[in-house]
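Asks: Predicted model, plus sequence, below.
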Amino acid sequence: MDVVFQNLHFLFAGALETIKLTVIAVSLGIILGLFAGMGRLSTAKSIRLIATCYIDFFRGTPLLVQIFIVYFGFPQLISEAQAFLFTHLGIGQAAASTNIPPFLAAIIALSLNSGAYVGEIFRAGIQSIEKGQREAALSLGMTPRQAMYHVILPQAFRVVVPPLGNEFIAMLKDTSLLIVIGYIELTRQGQILDATYFKPFQIFISVAFLYLIMTFSVSRLVDFTERRLSVHVHHQD
Amino acid sequence: MRSIWKVLLVVMLVGLVGLLVAGCSKKQAAQPQPPQLPQYKVASEIDYPPLEFRDTSGNVTGYDIDLMNAIGKVEGFQPVYQDMNFDGIIAAVEANSVDIGLSAFTITPDRQKMVDFSMPYYRSGLILAVSKNNNGIKSIDDLKGKTIAAQIGTTGYDRAKEVPGATVKPFDHIPEALLDVKSGDAAALINDLPVSAYYVNQSPNDYKLVGDTLDSEYYGIVVAKNKPQILQQINDGLNKLKASGEFATIYKKWYGRDPEPYLPGQPPQ
């Protein structure tokens, strides 16, 4: 285990990177997901179609492939689009390089993916609130919009906390897929150490343990939030 | 609406059955031969042309592969190739998960602490590959403070880390590392000459090699320290292939020139 203790700062640096990616990606994912989830329930057919396509695509394809598309595919697309604009319309290049920085590519891929899952979480959460709640709100003279923001969403929020916790934990682990674009996070730090010291068991068990500490903390945080929210509702009853 | 779904369902079912039938008939076509020879599991990262890669029909091929098959023939064993990420192979050999590691392994003192190496069978060296239109990099000194792409666990990766102020981006495979050089995020790739030369020849409009090789490296075949008999077989096999001239034939087939006269064997000091 000496190898691990001497190099613990590398693993911590990797874990920090993992946390940073997860927090940003899931935060953006929640914003995207709120739009996608509400879009799925929209009365306008076109909005429903767009939201459904988005969710189906990002939930139905592997995150690994999405990362490849964003990091390696988009630059090619951009440069070909620029070439097209230049030859056909005479528009000069907007940017000298079509390269997408790894951090940006990572955040784009992860948050788009997360948004699709969170969208379904929100949709299910909103639909889980009894119809009677909405009907009661409308009969009190609220507009449908007021009913959504003041009656349904606050209740739905309580329902979506546990699945959102799940999504956070899943994303925390999925960030390890970013090694394919050379991103150095926790798993990659482990691989780098292993490639130097050839001690796979000690190194990867420590990596696993660091992931466990992170996911365990998230689970406890979700439990705590859930308890707080349920007490709150209890008082209101 | 409903009939459309029915049609779709039928199409999918037919497709699935078709796949199953195709899968079964393929299995029947390839009758397994009774294995008379002992089989050795050979771990390789089969993404490293021209040493080990898959040809257009998906067969494992390359200089390393030809050489190992020839050694198996003269020493009476059958190599069974197993695709594995490069950085995992030494650990797999050491743990006896596989018998042999064959993946353009440079013989280094660090690796020799963990596993045994056969006699050298190829002289290589590290070289820089940059994007075709990058004229700012002439040597490794120009990479100070820049981003360098490399494959994890390779000597190229170790060399990149010695460049002052440089950020090293580790990749699992060379093709992705090269794409990163092409897209411009990394200024250069540091990797073994024969492989970089192969890729540059494949896409001369995207990449070019810069400068001379940074060092001399020798490839060896990796065997666990507790399997000296396999190491003996490999070294004996290499000697036999050298004596029969087959080693030179295989070398020439892949590199278009004769091998250094001391290969396979220790380079002159």
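Replies: That came through, no problem. Numbering: from 1, shown residues only, chains lettered A, B, ... in the order given.
Asks: if I look at the residue located most distally from the centre of chain A, how far off is A:F84?
Replies: Distance from the centre of chain A peaks at A:G90, with 38.9 Å (CA atoms, centre = their mean). Noted for A:G90: a distance of 11 Å to A:F84, by CB to CB, to the nearest Å. For every residue, glycine as well, the C-beta is placed using N, CA and C.
Asks: before we move on, the earlier item: contacting residues around the residue farthest from the centre of chain A?
Replies: Listed by CB atoms under 8 Å, 6 or more residues apart in numbering or on different chains, A:G90 has no contact partners.
Asks: State the distance from it to B:G58.
Replies: 45 Å.
Asks: Also A:G39?
Replies: To B:G58, A:G39 is 43 Å away according to CB to CB.
Asks: In terms of packing, which of the two has more residues around it?
Replies: Taking other CB atoms under 10 Å in any protein chain shown, A:G39 and B:G58 do not tie; A:G39 has more neighbours (21 against 7).
Asks: The more buried one contacts A:I50, doesn't it?
Replies: Yes: A:G39 lies in contact with A:I50 (CB atoms under 8 Å); the separation is 6.4 Å.
Asks: related to what we said a few turns ago, phi first, then psi, for the residue farthest from the centre of chain A.
Replies: phi 70, psi 20 (degrees, to the nearest 10).
Asks: Check what pLDDT it gets.
Replies: A:G90 carries a pLDDT value of 78.
Asks: Contacts for the host helix or strand of A:T196, please.
Replies: Using DSSP states H and E, A:T196 maps to helix A:186-197. Outside helix A:186-197, the residues that touch it by CB under 8 Å, 6+ apart are A:3-4, A:7, A:10-11, A:13-15, A:17-18, A:175-176, A:178-179, A:184, A:199-200, A:203-204, A:206-207, A:210-211, B:87-88, B:91, B:110, B:152-153, B:157, B:170.
Asks: Can you tell me which of the residues you listed are buried?
Replies: Buried by 16 or more other CB atoms under 10 Å in any protein chain shown: A:3-4, A:7, A:10-11, A:14-15, A:17-18, A:175-176, A:178-179, A:184, A:199-200, A:203-204, A:206-207, A:210-211, B:87-88, B:91, B:152-153, B:157, B:170, out of the contacts of helix A:186-197.
Asks: How about stretch A:53-69 and chain B, any contact?
Replies: No: using CB under 8 Å from any CB of the partner chain, stretch A:53-69 stays clear of chain B, coming no nearer than 8.7 Å.
Asks: picking that back up, which strands or helices does the next helix or strand after the helix holding A:T196 pack on?
Replies: Remark: after helix A:186-197, the chain's next helix or strand is helix A:200-236, criterion DSSP H and E. Using 3 or more CB pairs under 8 Å, 6 or more residues apart in numbering or on different chains; DSSP states H and E, the elements in contact with helix A:200-236 are helix A:2-6, helix A:8-40, helix A:153-174, helix A:186-197.
Asks: export those helices to a markdown table and tack on distance to B:L179 and mean pLDDT?
Replies: Below are those laid out as a markdown table (distance: least, CB to CB, whole Å; pLDDT from 0 to 100):
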| stretch | distance to B:L179 | mean pLDDT |
| --- | --- | --- |
| helix A:2-6 | 32 | 88 |
| helix A:8-40 | 21 | 96 |
| helix A:153-174 | 22 | 93 |
| helix A:186-197 | 17 | 90 |
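Asks: Surely B:A92 and B:G101 touch.
Replies: Yes: in terms of CB under 8 Å, B:A92 counts as a neighbour of B:G101; the distance is 7.2 Å.
Asks: Looking at those two, which is more packed in?
Replies: Under the criterion of other CB under 10 Å, the comparison of B:A92 against B:G101 puts B:G101 first, with 27 against 20.
Asks: Does B:Y251 touch B:E260 like I think?
Replies: No: with contact defined as CB under 8 Å, B:Y251 and B:E260 do not form a contacting pair (9.3 Å).
Asks: the more surrounded of these two?
Replies: Between B:Y251 and B:E260, B:Y251 has the larger neighbour count (other CB under 10 Å), namely 22 against 15.
Asks: Give the buried residues for the helix or strand harbouring the more buried one.
Replies: Per DSSP H and E, B:Y251 falls inside helix B:246-255. The neighbour-count check on helix B:246-255 (16+ other CB under 10 Å) flags B:246-247, B:250-251, B:254 as buried.
Asks: Same question for stretch B:114-133.
Replies: B:114-131.
Asks: now, which of those residues lie within strands?
Replies: In this view, the buried residues of stretch B:114-133 that belong to strands under DSSP state E are B:116-117, B:122-124, B:126-131.
Asks: from those residues, which single one is nearest chain A?
Replies: Minimum distance to chain A across these is 10.2 Å, recorded for B:S131 (CB to the nearest CB).
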